[in-house]
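**Q** sequence below, structure please.
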Amino acid sequence: MLSRRGFLSCSAAIGCGMLLPLRRYAMSAEPVTVTIDTANEIGTIQPELHSHFLEHLGAATYGGLWVGKNSSIPNINGHRKKAVEYLKELEIPVLRWPGGCFADDYHWRDGIGPPEQRPWRVNLWWGMKPEDNSYGTHEFMELCRLIGAEPYLAGNLGSGSPEELRNWMEYCNYPSGSSLSEERKANGAGEPFRVRYWGIGNESWACGGHMTPAEYCQLYFRFVTYLRAFGGTDPYFIAVGPSSNDLNWTKGFFDAFHKDRTWPVRLHAFAMHFYSWGKSTDREYTRETMEEQLSSFAELEKAIGEQWNLIGSYPEDKRVGRIKLAVDEWGTWDKSDKETEETHGLYWQQNTMKDGIAAGLGLNVFHRQAEKLAMCNIAQIANVLQSPLLTYEEHCIRTPTFHVFRMVKGHRGKTALPVHHPEGSGLGLSVSASRGEKELILTLVNPKPETGLRIRCVAARGEIQSPAAEILHHPDFNMANTFEEPEQIIPKHHDVQPDGSGLRLELPPLSVVSVRARFSD
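**A** Take a look at the predicted model:
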């Protein structure tokens, strides 16, 4: 493994028609040729594939993003000011709330009105801790406004009723003239929230009710019957999909969905949850446990393909077209450290270089499978599991996962392209590519802890010009940004050189590289 001092620098220049060596990160590097199939297309990389998730779990909400209006920590109407500033950098497309398991025991009326008058409940799923409901619908909508995200509300199907969810939708979206819309206005929101994304339950195969797929499907029909385009905001319905690649759940749901239905209700996306489970605590990974966790991203890609094919074997709804997949909970889930949780909250997880690699692998999967996906939401946005932000008291820092999300923003809205290379194993080189009108974006991930890669990228058709790159890299997969040293792992400029109609660069072990270039056919 490389020294923590990083890499030795050597100059790179073009002279006399010859390319000098690129900056060297390792004593040796394996040569790999990557071919970008610019003659074909996969589909548009929707911005929603870079979305996030916030739950009332540990210190994700309380003490994380929400510190309260009377806190000595700088805040914007109760939201941690530094967190808002950082999240605006990410330009988050969609933020999912309030759960997770919490959603199916959450009653939205508990979280509206004067905070001092809101009822105290017990958080049934996460530690049986008191929930004072000081963070509710209006607070969440303000956060979305502050960071520029679209809200995605997970509705209570498990312990709620169709009436309750229907009324929440009217409260949020109906402009004026009904009792619920006037109540929203009296609570400080004169304009409707115009919430488009609605999840109909969460993990109904487990904490959302331990249902069979047919039982859940029956309830899905019942709930969605009463959800309408209040105020002209046409709702986008997301049903509970499988745990990982559970094809039996998907088949059971769609068998029931298409059985004896004269008037089928709408369904837009089917949400799979896929976690990359770890066998080590956050900073005690071995090479073996790291590789086992990271190999899960090959399984994620396989799951997306198999779920997509199964859903596609059923008839399409002419009103909504092909039902797409969502992966609205994904990310690394390390073994809990009870001592850390006592200080920082349930499922608090330090975010290491290993997690930065995981973020790159996951996002590359989503880019390569773009035509199949409607939305992907990493779990969770602060302090819990694979978080872009970590907070403690007055501190708020960006993690390697944060930096990878920022580095790949250029893919959004562009057309995903097929890529071909011989490093196709679950722990080999990972690449995604996309193009705009005159721009090519590449993300390359080397998850190998000891082997560098010498990359030559070529276009199947056209010419790649004027490439520029940045890199996130550290040779220690357990290294992290900490409250004491928050910039141990940050993106830096990276050497990339034109090479005929393509480009070449090096990927040191444990690195994520983003490349922007001009492209012409």
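
**Q** tell me which residues are up against stretch 118-127.
**A** Applying C-beta atoms under 8 Å, 6 or more residues apart in numbering, the contact partners of stretch 118-127 are 55-58, 99-102, 105, 110-112, 128-134, 136, 207, 346. Heads up, the C-betas are built off the backbone N, CA and C, glycines and all.

**Q** which residue ranges of the stretch 251-400 of the chain form helices?
**A** Assigned by DSSP state H, counting those that start in this stretch, the helices in the stretch 251-400 of the chain fall at 287-294, 296-312, 338-344, 353-368, 400-407.

**Q** compute the inter-axis angle for the last one and helix 353-368.
**A** If I follow you right, that is helix 400-407. Using axes from the mean of the first three to the mean of the last three C-alpha atoms, to 10 degrees, one finds that helix 400-407 and helix 353-368 are set 30 degrees apart in direction.

**Q** in stretch 176-185, what's buried?
**A** Buried residues in stretch 176-185, counted by 16 or more other C-beta atoms under 10 Å: 180-181, 184.

**Q** and stretch 365-374, by the same measure?
**A** Buried, per 16+ other C-beta under 10 Å, within stretch 365-374: 365-370, 372-374.

**Q** what's the average pLDDT for it?
**A** Stretch 365-374 carries an average pLDDT of 98.

**Q** also stretch 172-185?
**A** 98.

**Q** could you do stretch 308-321 as well?
**A** Stretch 308-321 carries an average pLDDT of 90.

**Q** show me the contact partners of that stretch.
**A** Identification of contacts with stretch 308-321 by C-beta under 8 Å, 6+ apart yields 247, 250-251, 254, 257-258, 264, 266-268, 270, 322-323, 325, 369, 372.

**Q** for the stretch 1-150 of the chain, which segments count as strands?
**A** All strands of the stretch 1-150 of the chain, identified by DSSP state E, counting those that start in this stretch, fall at 14-15, 18-19, 29-36, 43-44, 51-53, 75-76, 79-80, 94-97, 121-122, 130-131, 150-155.

**Q** mean pLDDT lowest where, among those strands?
**A** strand 14-15 (a mean of 30).

**Q** ok so, going back, and of the buried residues of stretch 176-185, the nearest to residue 473?
**A** residue 184 (48.1 Å; C-beta to C-beta).

**Q** which element is that closest one on?
**A** Residue 184 is located in helix 179-186, with elements delineated by DSSP states H and E.

**Q** so what does that helix touch, helix or strand wise?
**A** helix 162-173 (3 or more C-beta pairs under 8 Å, 6 or more residues apart in numbering; DSSP states H and E).

**Q** so how far is the helix it packs on from its chain's centroid?
**A** When C-alpha coordinates are averaged (C-alpha atoms, centre = their mean, to the nearest Å), helix 162-173 and its chain have centres 26 Å apart.

**Q** what angle do strand 150-155 and that helix make with each other?
**A** Taking the same axes, to 10 degrees, one finds helix 162-173 and strand 150-155 inclined to each other by 160 degrees.

**Q** who's in contact with helix 162-173?
**A** 107-108, 112, 137, 141, 153, 155-157, 178, 180-181, 183-184, 192-195, 198, 200, 222-223, 225-228, 230-231, 233, 235.

**Q** again, but for stretch 74-82
**A** 64-69, 71, 73, 84, 139, 142-143, 146, 391, 396.

**Q** let's see which of the residues you listed end up in helices.
**A** 84, 139, 142-143, 146 (DSSP state H).

**Q** need the max-distance pair from those residues.
**A** Spatial extent of the ones in helices among the contacts of stretch 74-82 (C-beta to C-beta) is set by the pair 84 and 139 at 12.6 Å.

**Q** higher neighbour count, these two?
**A** A count of neighbours by other C-beta atoms under 10 Å puts residue 139 above the other of residue 84 and residue 139, at 21 against 18.

**Q** list the contacts for that one?
**A** Taking C-beta under 8 Å, 6+ apart, we find residue 139 in contact with 66, 78-79, 111.

**Q** over to residue 394?
**A** Counting by C-beta under 8 Å, 6+ apart, residue 394 has contacts 72-73.

**Q** measure it to residue 72 for me?
**A** From residue 394 over to residue 72 the distance is 8 Å, taken as C-beta to C-beta, to the nearest Å.

**Q** returning to what we had before: in TSV, list the strands of the stretch 1-150 of the chain along with distance to residue 505 and mean neighbour count.
**A** Putting the strands of the stretch 1-150 of the chain into TSV (distance: least, C-beta to C-beta, whole Å; neighbours: other C-beta atoms under 10 Å) gives the following:
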stretch	distance to residue 505	mean neighbour count
strand 14-15	14	9
strand 18-19	11	10
strand 29-36	10	18
strand 43-44	26	14
strand 51-53	29	26
strand 75-76	40	16
strand 79-80	37	24
strand 94-97	32	26
strand 121-122	53	13
strand 130-131	49	16
strand 150-155	35	24
